[in-house]
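J.: got a predicted model here, sequence first, then my questions.
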Amino acid sequence: MAIPEKPTLTTPPAAPVRGQDPTVFANRTNAYLAFIASNVSDLTGAIDWQNTVFTATESEATSAAESATNATVQKVLAENAATLAESTANFVGQWSTLTGALTVPAVVFHSAGYWQLLDNLADVTTSEPGTNGDWAVAIVKPNWGSVSASVTLIVNSYSAVDFGTGTLTITLPPIPSENDFIQLYKSSGVAEGTIIARNGETIMGLAENLTIDTEATALYLVYNGNDWRIVR
């Protein structure tokens, strides 16, 4: 929005001041009222100009905020594209089909996600992605795996849980790393009574298993490097 040129206003006469000599006060009041009466259009124009400036400033602030948001989104998209390109370049196939030695750099597909190898392996079959520190998540594809019995989860997994088969014990992944997560949602049944086994780690600072004591439709936990935290 273009801002018009600032209007020029006539300098008003001296304003009346309480406590002045009555004659002076009356003369100043009359002069001030006469000034206002003769400059209504100029004063109205000044108010309109001020409102235009306020509107333009607010609009530009909104545009700046949107631009900052768009820049952040573009940065994330660029980082994701770079990660995808790197993963594609080093992709060696599904982990379950590999045998023998595997060296860095390498990316495999396993349990609905892509995993980047961090340490050289003499035998790739002895190191399952998501169960130890040899691997880090490269790209996670939200692919909801079905769970209907007690299970030990792997990190960065999505599980659609059927709670209708009885009370389940869902064990958190072993050896989690910072920012690893698990996400569950109820596909059917009653979640209340389900046990989330801590697998040696604490949950919300407590060294005890978590029992779902209310009817939940979803559960999302993130490991902060020291503790599993309930996000929702």
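T.: Arrived safely, thanks for sending. Numbering: from 1, shown residues only.
J.: wait, Phe91 touches Val107, no?
T.: Yes. Proximity of Phe91 to Val107 meets the contact threshold set by CB atoms under 8 Å, at 4.8 Å. All C-beta atoms are positioned from the backbone trio N, CA, C, and that covers glycine.
J.: looking at those two, which is more packed in?
T.: Neighbours were tallied for Phe91 and for Val107 using other CB atoms under 10 Å; the higher tally belongs to Val107 (21 against 14).
J.: look at that one and report its pLDDT.
T.: The predicted local confidence for Val107 comes out at a pLDDT of 86.
J.: what do Phe91 and Val107 both touch?
T.: By CB atoms under 8 Å, 6 or more residues apart in numbering, Phe91 and Val107 have these common neighbours: Tyr114.
J.: what is the least confident helix or strand in this structure?
T.: Across the helices and strands of the chain, the lowest-confidence element by mean pLDDT, DSSP states H and E is helix 40-89, at a mean of 67.
J.: can you name the next helix or strand after the strand ranked longest in the chain?
T.: Looking across the chain with DSSP state E, the single longest strand is strand 181-189. Tracing the chain C-terminally past strand 181-189 and defining elements by DSSP states H and E, one meets strand 195-197 next.
J.: list the buried ones in that next one?
T.: Neighbour-count burial for strand 195-197, with 16 or more other CB atoms under 10 Å as criterion, is recorded at Ile196, Ala197.
J.: list the helices and strands it packs on?
T.: strand 169-171, strand 210-211 (3 or more CB pairs under 8 Å, 6 or more residues apart in numbering; DSSP states H and E).
J.: partner strands of it and their direction?
T.: Using DSSP bridges, the strands paired with strand 195-197 are strand 169-171 (parallel), strand 210-211 (antiparallel).
J.: distance check, Asp119 against Ser127.
T.: Distance of Asp119 to Ser127, computed by CB to CB, to the nearest Å: 8 Å.
J.: comparing the two, which residue is more hemmed in?
T.: Looking at Asp119 and Ser127 with other CB under 10 Å, you find the greater number of neighbours at Ser127, namely 17 against 12.
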